[in-house]
Each structure stands twice: as C-alpha cells, then as structure tokens.
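J.: sequence unknown, structure follows:
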Ligand SMILES: OCN(O)CCCc1ccccc1
Ligand code: NI
C-alpha cells in the first residue's frame, strides 16, 4: 500500500516535469499503480487506517507525486450535494471550461507541500474532462464545485504546475475576476 514515504515533496524535479501520456491499453503495472493511488485516497480518508499508517487525508493524487512521470490521476471527493467522485483516470484532459472562475475560500494544500501557502487559487468554475478509466472506458465528466477544483489541481501536477503557482504574488487574497468562492 502507498504511504506518505512514497509521496515526493516539493523540490523534487519530477514535480516540475510534463508527465508522459500512457500508451493505451495500459500495462498491468500502470493499472496496478492507478489502483494503488485510488486505494491510497480511500485509506487516507478512513480514520483508523490514516491514523495507523500516518496518512495525510487526500482528495486527489497524481502519479508524479509518487515519482511516476505518467499522466495518471486519482480523485476521491464529494460535491456540495454529497455526490462522491471516485475516479482513477489515464490521460485526463480538460476539453472545455467556463469563462467563470471559482476558488476555495480556504485556499489549497498539497500532499507534496509540507507548509501552508495562503491565498486564493483561481480555477475554472466548470470543466469537461475526458480520459480513460481503470476499466479502459473513455469517460466524459462535466464537473463543477469542489470536484472541478480537485481535478484541476491533479491535472496541473501532470504539467509540472503547483497550486501556489496560481496565487497572486502581490495580493494572495485578491478575489479573482468573474469568480465565485467555494466552501
Ligand atoms: O495533488 C493532490 N494533493 O496534493 C492533495 C490535495 C488535493 C487538493 C486539495 C485542495 C484543493 C484541491 C486539491
Ligand atoms: Ni497536490
């Protein structure tokens, strides 16, 4: 099982690389890695297991964070209506997005960042994501709210982008143009 020892921290060059597309169909090793990422999120959100293995709760994880420079992400996040988004995706890509922006009132964090970086992270309010799930099906997800933010955070990791790259350097809590706060 994955633990925090497997998560690389900021400063590791892999977090600034553009991850490689996964050639489809994925290999058994790639499928196993994606399964491990999905299991990590479940374990990290299960108090007894998180406590036992000292896991930081995570709503998402991208393969570069476990030093695998491939375009694979896992998400386990709930929207404001309690709908659970539980996905492992190969080659996720944002195929369309709103002009409107959104941002988490609380700011964002990252399993690869062991410090608080305060400030609003402007994201697209609504996105459509295409990718291939762990069973090999092509998925087309229309996302908004918190899940949309998590998917954008994860896809950023595949392009070597960290959440704090988006925070306004001059005024971290400047409200982004044409945006809505979440949470
Ligand atoms: O890359 C995943 N990760 O570092 C865990 C935190 C995920 C996350 C936290 C806040 C807002 C969006 C996404
Ligand atoms: Ni992260």
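T.: Sure, I can see it. Since the model is a prediction, treat every value here as computed from it, not as a measurement. Numbers count the residues shown, from 1 in each chain. Ligands and ions are numbered 1, 2, ... in the order given.

J.: assign the nearest residue to residue 22 once chain neighbours are set aside to helix, strand or coil.
T.: In space, residue 22 comes closest to residue 90 once its chain neighbours are excluded; the distance is 4.5 Å by CB to CB, 6 or more residues apart in numbering. Just so you know, the C-beta spots here come from the backbone N, C-alpha and C atoms, and that holds for glycine as well. Three-state assignment for residue 90 (DSSP: H, G, I helix; E, B strand; the rest coil): strand.

J.: just the pLDDT for residue 90.
T.: Residue 90 carries a pLDDT value of 99.

J.: for stretch 39-52, the distance to its chain's centre please.
T.: 17 Å (CA atoms, centre = their mean, to the nearest Å).

J.: host element of the most centrally placed residue in the chain?
T.: By CA atoms, centre = their mean, the chain has its centre lying nearest to residue 154, at 2.5 Å. Secondary structure assignment for residue 154, by DSSP states H and E: helix 145-158.

J.: same for the helix or strand following that helix, what does it pack against?
T.: Reading on from helix 145-158 to the C-terminus, the next helix or strand found by DSSP H and E is strand 179-182. Other elements packing on strand 179-182 under the criterion 3 or more CB pairs under 8 Å, 6 or more residues apart in numbering; DSSP states H and E are strand 101-104, helix 145-158.
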